[in-house]
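**Student:** Using only what follows, build the 3D model:
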Amino acid sequence: MKRLIIIAALLLQCMAVIAQDTSNDLKISILTCAQGKEIYAAFGHSAFRVQSQSRRIDKVYNYGTFNYNQPMFVLKFVRGFLDYAVSGYDYKIFCHEYIVEKREVREQTLNLTADQAQAVYDFLEWNALEKNRYYKYNFLEDNCATRIRDVLTNACGENIIYPDTTYSFTLRDAIDERIDDMPWFRFGITLLMGLPVDQKATAMTAMFLPDYVHSTADETKIIKNGQTEPLVKRSGVVVRAEKPVSHKDILTYISPALLLWILCAVWIWFTYKEIKRETYHSGGDRALLFILGLFGILFVVMWFFTEHTVTAWNMNILWAMPTHVVAAWAVKSTKPFWKSYYKVTAIITGAMLIFAPVIPQHYDPAFYPILVMATMRLARIGWRQ
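**Tutor:** Model prediction:
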């Protein structure tokens, strides 16, 4: 009888241990998705995966979802007022999307305590509620990638230790690296982005890009039961792709820099002939100044009338001035005001060209022929007799 009691007690103890183990089998992973073909997927994607066999959970929490059908979608997107949302759904559905798009998905299983994992899961479940799920997207500070960092920080507090690293490259360099084979997109985005992206990247600030969430997680430490351990327990690939997505097409080779340098060479030849023959044709100058003025107005709108922090302090406004829209129609004027205007703006634009290597805001290679043409033609108008 005693033996039966002892065996029964041992069995009950084992069952209690097993039950405790299965109740603490919650796993939290970071999913890092490779670049996609579309512009909105050019920088990749990040998401959380939560697994528990005992609770029959295998969900993805995706902070990159939004509703195309919301009122004034385009206007909200341009102004930075678009609502993004976190969505929790089945892991297999998430993976299927990337299998179809042939985009690799890497997984980093995190080395968290049961309490830390539960805290992450509880926060994600709370955040995915309809009343909590929406947030205002910010390219540098609040997106699908930065939310990974912020959720972990919120759940783990001072127990998570990120690397204190300052890189030799800027945030703009990190952006350009990922769209190097998309010269027209790079040209456009470089035009619009101001000084905020020209600061040196750190391990924390670079985490607005999914690839840096992945690499920084590998270097991050977690304090578990008083011991400092790596945050990432193991890494693997859950969706394989034969080769990375390529953005190369005919426009990759017909770059804006190439076309603009050809146009610049033609205009230099045209200006030489014009001076030699002592003639002046205003049509080209009107078109050039009007286009530059429109860009200047766009820079003002993106700087002062949107919520986008990356488009503030845009020094391109010094050579693409909004006032050029009006000046475009006064190129034949002999009034002293307009003559002074063209001379001063020619000097400013020329200075932007000469001092480009030391100006804190980085230039796309396609900017240089624009600056050459603008300086040359403004000087031609200003000093023309």
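**Student:** got a pLDDT number for residue 37?
**Tutor:** Reading off the confidence values, residue 37 has pLDDT 84.
**Student:** Also residue 27?
**Tutor:** Here, the pLDDT recorded for residue 27 equals 97.
**Student:** neighbours around it, how many?
**Tutor:** 17 (other Cβ atoms under 10 Å). For glycine as for every other residue, the C-beta is placed from the backbone atoms N, C-alpha and C.
**Student:** wait, isn't it in contact with residue 52?
**Tutor:** Yes. Counting by Cβ atoms under 8 Å, residue 52 is a contact partner of residue 27 at 7.0 Å.
**Student:** Give the intersection of the neighbour lists for these two.
**Tutor:** Shared contacts of residue 27 and residue 52, defined by Cβ atoms under 8 Å, 6 or more residues apart in numbering, are absent.
**Student:** What sits closest to residue 294 if chain neighbours are left out?
**Tutor:** Closest residue in space to residue 294, ignoring its immediate chain neighbours: residue 325 at 6.5 Å, by Cβ to Cβ, 6 or more residues apart in numbering.
**Student:** What is the host helix or strand of that neighbour packed up against?
**Tutor:** Per DSSP states H and E, residue 325 falls inside helix 324-327. In terms of contacts (3 or more Cβ pairs under 8 Å, 6 or more residues apart in numbering; DSSP states H and E), helix 324-327 is packed against helix 283-304, helix 336-354.
**Student:** same thing but 6 Å
**Tutor:** Judged by 3 or more Cβ pairs under 6 Å, 6 or more residues apart in numbering; DSSP states H and E, helix 324-327 is in contact with helix 283-304.
**Student:** For the helix it packs on, give me every contacting residue.
**Tutor:** Residues outside helix 283-304 that contact it (Cβ atoms under 6 Å, 6 or more residues apart in numbering) are 192, 311-312, 314, 316-317, 320-322, 324-325, 327-328, 331, 377.
**Student:** Outside of stretch 198-206 itself, list whatever touches it.
**Tutor:** The contact list for stretch 198-206 (Cβ under 6 Å, 6+ apart) reads 162-163, 165-167, 169-172, 174, 212, 216, 360-362.
**Student:** C-alpha coordinates for that stretch, CSV please?
**Tutor:** What follows is stretch 198-206, C-alpha atoms only, in CSV (Å, rounded to 0.1, in the frame of the first residue of the first chain):
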residue,chain,number,x,y,z
ASP,A,198,22.2,62.5,-42.9
GLN,A,199,23.0,61.8,-39.2
LYS,A,200,25.3,58.9,-38.4
ALA,A,201,23.3,55.7,-37.8
THR,A,202,23.4,53.9,-34.5
ALA,A,203,22.3,50.4,-33.6
MET,A,204,19.1,51.8,-32.3
THR,A,205,18.3,54.4,-35.0
ALA,A,206,19.1,51.9,-37.8
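**Student:** Return the set of buried residues in that stretch.
**Tutor:** Within stretch 198-206, the residues scored as buried using 16 or more other Cβ atoms under 10 Å are 198, 201, 202, 203, 204, 205, 206.
**Student:** Looking at the residues you listed, spot the one nearest residue 260.
**Tutor:** Nearest to residue 260 among those: residue 198, at 22.2 Å, using Cβ to Cβ.
**Student:** Ramachandran coordinates for that closest one?
**Tutor:** Backbone torsions of residue 198, given as degrees, to the nearest 10, read phi -100, psi 10.
**Student:** Look up how far residue 380 lies from it.
**Tutor:** Relative to residue 380, residue 198 is positioned 32 Å away (Cβ to Cβ, to the nearest Å).
**Student:** Could you pull out the helices in this protein for me?
**Tutor:** Ranges of helices in the chain, per DSSP state H, are 2-23, 73-79, 91-101, 114-127, 146-156, 171-178, 183-192, 210-219, 250-253, 256-277, 283-304, 324-327, 336-354, 367-382.
**Student:** List the residues that contact residue 143.
**Tutor:** 137, 208.
**Student:** if we can go back for a sec, can you tell me the average pLDDT over the helix holding residue 325?
**Tutor:** On average, helix 324-327 scores 97.
**Student:** What residues of it count as buried?
**Tutor:** Applying 16+ other Cβ under 10 Å to helix 324-327 flags 324, 325, 327 as buried.
**Student:** Could you count how many residues lie near the nearest residue to the first one once chain neighbours are set aside?
**Tutor:** Counting by Cβ to Cβ, 6+ apart, residue 324 lies nearest to residue 293, which is 3.4 Å off, once chain neighbours are set aside. Counted with other Cβ under 10 Å, the burial measure for residue 293 works out to 19 neighbours.
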